[in-house]
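Peer 1: give me a 3D structure for the following:
(2 chains)
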Amino acid sequence: MPEGDMAVAQGSSNNSSDFVRKLYKMLEDPNYSEVVRWGDGGDSFVVLENEKFTKTILPKHFKHSNFASFVRQLNKYDFHKVRQSEENGQSPYGKEAWEFKHPAFRADAKNNLDNIRRKAPAPRKNQANDDQFSSNTQIAALSETLAATQQQVQALQDSYFEMAHANKVFVDEIMHLQKMIKAQNSVNNELVNHLGKLDHERRHARASSNHSHQYNGNNIMSDGTEEPPAELRRARDVLNSVSGDHIPEKDLRQMSIQFQQIGASPDSASSSSMMGPPGSAGMQNNYMHDPMNDLRHMVYPVGQTIGIDPFAAEHMGNIPYNRPLSQNAMGPGGPGPGPVPEAGPAAMPTASPPVGGAPGAQSTSPWGQKKPRVLLVEDDKICSRIGSKFLAQYDCGVEVARDGLEAVNKVNSNPSWFDLIFMDIVMPHLDGVSATAMIREVSPRVPIIAMTSNINQQDLEMYFHWGMRDVLAKPFTKEGMIGKLKKHLPSFLRNPPSDSVMEQMYSNGGAGQPPTPGPYANPNLSLPMSAASSGPIAKFETTPVQSPATSTSWHSPAQLPHASPNMAQDQGYLTAGSGNPMAMTPGGTQRPQQFVGGGMMPAMSGQQMGPIPDDGPPEKRQRLYGPGPQGPYA
Amino acid sequence: MSSDNHDGGDPSLEALGDAIDIVTFGQILEMDDSEDDREFSQSIVFGFFEQAEETFDKMDEALEAKDLEELSKLGHFLKGSSATLGLTKVKDSCEKIQRYGKMENEDGTPEKDEELCLSRVTDTLASLKTEYTEAETALKKFFNASEP
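Peer 2: Down below sits the predicted model:
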């Protein structure tokens, strides 16, 4: 019997036993013995005359006259009706008698009455459990909601920054449009004036029938046979001065596509890599936008300190400049054989080494199928000649730009042409930082490496903020320069380093999408990435590139370039380039072709290629070249 | 700096003395097709002579005009090429001029006294020219000596 349980579960209400006491008291009254009395054993009680009991006794003791209700009450206190048929087949008290029993309800045990309690109502007990259960689930639900909300806030923040940038671009664009409108107005005025005059003159000079054509301004403009009058020339000048390759417009275009990407399927995240090149192929010489009037490029010098000392050697190669998510765009060249992006870090060491083949066996070039094309932007003739000589001797294609503007023009004319850019900072016409910011508009991913002796913290932060990827301290050395090349163009190496922390591969602008939307290609990630590729607003994250700890999923795509798809693609570019990839500086003293087959390259490559495949990060590898420059004298 | 690291090889390199950082300069010599044909390095170095002398003239003018900003720019300009060639002392002086011109002390802290900056530039420019002449002499000697 559940007595103990009940006592525990239902420790309440003394008054609940009132009913029992009343019952006991009632049974004590000998006057009722004809109607209700203790059973013969004293362990039960018997209602002998139902009707009488209900009418006379119940009202006295229980203030009602409802037998059924009395029985219900008994049941609540766990009294049970004793069944007549069980033993004798007939009740000893008569056919109409009701015998009730409770183990603790005995004539001789008045003290036990307190043990007779109302049964715990089963439904209520269940309900209590339900409450507990539902509050647990509610907490879970709430915390889920909270997490979701937090994520939402995060996403909103991200998109807020995007918006802020967008807003800035819009403002720039509007300013430009206003300028355009003004210019158009004045052009129109000039045209109208001119046409009016022309019309007037001609009407007086000769009465020819084809005069009517002259009302059409285009007719005159395109009519090369006539010397354009001053007004027309002026008008055209005004037009030209504003209608050049306008940067905010490109920004807008890029941005709108990025927005689309965010909204679109995850695997489109990498397609912004396509953004730079298209549409800019035909922009050779129309870069007429005046950078000096563009507020966005008045960047020199600003910034706050960051906690590194660029002069400390260990920091130079370890500056937290990388914008990690831009690697999303670096996916493999396209579907095809070779390791899949999901291979992950574990697969890397085995993935890369075989690509190059035997070192130094068939060619003396350190590069693989394609030699990198490097743009050297340097106003100082001495430095640029030496720099390009270094590069040419290392079998790179080199072009030189003498200032930032020339560099921007060169890149604009073919945004995917250069594989890497060395950029001086202080230059006439357009400084290197501004030039970088502009180049980022059309070529978001080409590694741009600052060459400068001005490397304090502010400068560094500014460089990286505006899209540079690394710094080569001046005066640069050959090893320093080559080290940067190898660090940023690992996929070009004939023997790509196996080290997975190799930054990423900066292939040409046409790098395709990953074959499948890998773990790195989700929309959340694409937010910062798109910010990065749109240049100015991007903050460089403090993810140390060299740290193996971070070489997880972000770096796994970086490894892929070593696989075949990209090699194929690189060849494609080589043939597409068709011209001489070794295009040289006008200086003309360089004779790159000589170095391909012979000269000093065999010695160099013998020395250098050997250790590379299983070597450490670029910084370490660089040291292998220590003996390089001393070679001739040793 | 010391030529001890480069015993053997090219004896005439010793003649360069400590005006020139041999490791840096050696990199440029290495770019030559051969030790008998120093066309590349020689053209670089003689190009630098021209550039340096032009810059000195401009510095003199700027000093006369008390144009500190221009002096700083010129200092920066010559610093790059002299550093690339390994003309360490010349480079150091250029760097000083660049700083003084920016109204800074040698350690990069700001200096408000314009006259002080100008007089510092004047002094540094004088020693810069001396250092340059020293380097020029050594280099010319080197290239003449290595003519076949």
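Peer 1: can we go C-alpha only for contacts and neighbour counts from here?
Peer 2: Noted.
Peer 1: for stretch B:128-142, what is the average pLDDT?
Peer 2: Mean pLDDT, computed over stretch B:128-142, is 90.
Peer 1: how about residues contacting it?
Peer 2: B:12-13, B:15-17, B:19-20, B:45, B:49, B:56, B:87, B:89-90, B:93-94 (CA atoms under 8 Å, 6 or more residues apart in numbering or on different chains).
Peer 1: list just the nearest of these to chain A.
Peer 2: Checking the contacts of stretch B:128-142 against chain A with CA to the nearest CA, the nearest one is residue B:45 at 8.1 Å.
Peer 1: residue A:93: neighbour count?
Peer 2: 16 (other CA atoms under 10 Å in any protein chain shown).
Peer 1: check contacts around the closest residue to it other than its chain neighbours.
Peer 2: Excluding its sequence neighbours, the residue lying closest to residue A:93 (CA to CA, 6 or more residues apart in numbering or on different chains) is residue A:48, at 6.8 Å. The contact partners of residue A:48, by CA under 8 Å, 6+ apart, come to A:34, A:35, A:36, A:37, A:93, A:94, A:96, A:97, A:98.
Peer 1: got the buried residues for the helix ranked longest in chain B?
Peer 2: When chain B is scanned for its longest helix (criterion: DSSP state H), the result is helix B:114-145. In terms of neighbour count (16 or more other CA atoms under 10 Å in any protein chain shown), helix B:114-145 has its buried residues at B:114, B:117-118, B:120-122, B:124-125, B:128-129, B:131-132, B:134-136, B:138-140, B:142-143.
Peer 1: what is the neighbour count of residue 24?
Peer 2: Since no chain was named, I'll use chain A. Counted by other CA under 10 Å, the residues lying close to residue A:24 total 19.
Peer 1: that was the other one, I meant chain B.
Peer 2: Neighbours of residue B:24 using other CA under 10 Å come to 21.
Peer 1: how far away is it from residue B:88?
Peer 2: Computed as CA to CA, to the nearest Å, the residue B:24 to residue B:88 distance reads 9 Å.
Peer 1: ditto for residue A:369
Peer 2: On the measure of CA to CA, residue A:369 and residue B:88 end up 40 Å apart.
Peer 1: how about the nearest residue to whichever residue of the stretch 351-500 of chain A sits closest to chain B, chain neighbours excluded?
Peer 2: Using CA to the nearest CA, the single residue of the stretch 351-500 of chain A nearest to chain B is residue A:475, 4.7 Å away. Distance criterion CA to CA, 6+ apart; nearest residue to residue A:475, sequence neighbours excluded, is residue B:84 at 4.7 Å.
Peer 1: ok, that neighbour - contacts?
Peer 2: Contacts of residue B:84 by CA under 8 Å, 6+ apart are A:382, A:383, A:474, A:475, A:476, A:477, B:24, B:25.
Peer 1: so what's the fifth one closest to, chain neighbours aside?
Peer 2: Yep, that's residue A:476 we're talking about. In space, residue A:476 is closest to residue B:84, 6.6 Å off (CA to CA, 6+ apart).
Peer 1: per-residue confidence at the one you found?
Peer 2: At residue B:84, pLDDT is 87.
Peer 1: ramachandran angles for residue A:455?
Peer 2: With angles defined as degrees, to the nearest 10, residue A:455 sits at phi -120, psi 80.
Peer 1: now swap in residue A:398 and tell me
Peer 2: Dihedral angles (degrees, to the nearest 10) for residue A:398: phi -130, psi 140.
Peer 1: element containing the nearest residue to it once chain neighbours are set aside?
Peer 2: Residue nearest to residue A:398 in three dimensions, not counting chain neighbours: residue A:374, with 4.9 Å by CA to CA, 6+ apart. Assigning secondary structure by DSSP states H and E places residue A:374 in strand A:373-377.
Peer 1: then residue A:195?
Peer 2: With elements taken from DSSP H and E, the one containing residue A:195 is helix A:122-205.
Peer 1: that helix - contacts with which helices or strands?
Peer 2: helix A:230-242, helix A:247-263, helix A:523-533 (3 or more CA pairs under 8 Å, 6 or more residues apart in numbering or on different chains; DSSP states H and E).
Peer 1: cutoff 10 Å now
Peer 2: Counting contacts by 3 or more CA pairs under 10 Å, 6 or more residues apart in numbering or on different chains; DSSP states H and E, helix A:122-205 is packed against helix A:217-222, helix A:230-242, helix A:247-263, helix A:523-533.
Peer 1: hang on, the earlier thing: mind pulling up the pLDDT for the residue of the stretch 351-500 of chain A closest to chain B?
Peer 2: For residue A:475, the predicted pLDDT is 79.
Peer 1: my read: it touches residue B:24, true?
Peer 2: Yes: between residue A:475 and residue B:24 there is a contact at 8.7 Å, judged by CA atoms under 10 Å.
Peer 1: give the residues shared as contacts by these two.
Peer 2: Residues touching both residue A:475 and residue B:24 (CA atoms under 10 Å, 6 or more residues apart in numbering or on different chains): B:83, B:84, B:85, B:86.
Peer 1: so which of these wins on neighbours?
Peer 2: Counting neighbours by other CA under 10 Å, residue B:85 comes out on top of the shared contacts of residue A:475 and residue B:24 with 30 neighbours.
Peer 1: wait, doesn't it sit right on residue B:21?
Peer 2: Yes: Residue B:85 is in contact with residue B:21 according to CA under 10 Å; the separation is 8.0 Å.
Peer 1: related to what we said a few turns ago, how about a markdown table for the contacts of residue B:84, with secondary structure added?
Peer 2: Formatted as a markdown table, the contacts of residue B:84 follow (DSSP: H, G, I helix; E, B strand; the rest coil):
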| residue | secondary structure |
| --- | --- |
| A:382 | helix |
| A:383 | helix |
| A:474 | coil |
| A:475 | coil |
| A:476 | coil |
| A:477 | coil |
| B:24 | helix |
| B:25 | helix |
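Peer 1: as TSV, the residues you listed with distance to residue A:104 would be great.
Peer 2: Shown next, in TSV, are the contacts of residue B:84 (distance: CA to CA, whole Å):
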residue	distance to residue A:104
A:382	113
A:383	109
A:474	101
A:475	104
A:476	102
A:477	103
B:24	108
B:25	112
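Peer 1: can you say which of those residues are buried?
Peer 2: Listed as buried from the contacts of residue B:84 are A:382, A:383, A:474, A:475, A:476, A:477, B:24, B:25; burial here means 16+ other CA under 10 Å.
Peer 1: residue A:71: which of the residues you listed is nearest?
Peer 2: If you rank those by distance to residue A:71 using CA to CA, residue A:474 comes first, at 104.0 Å.
Peer 1: nice, that's everything, thank you.
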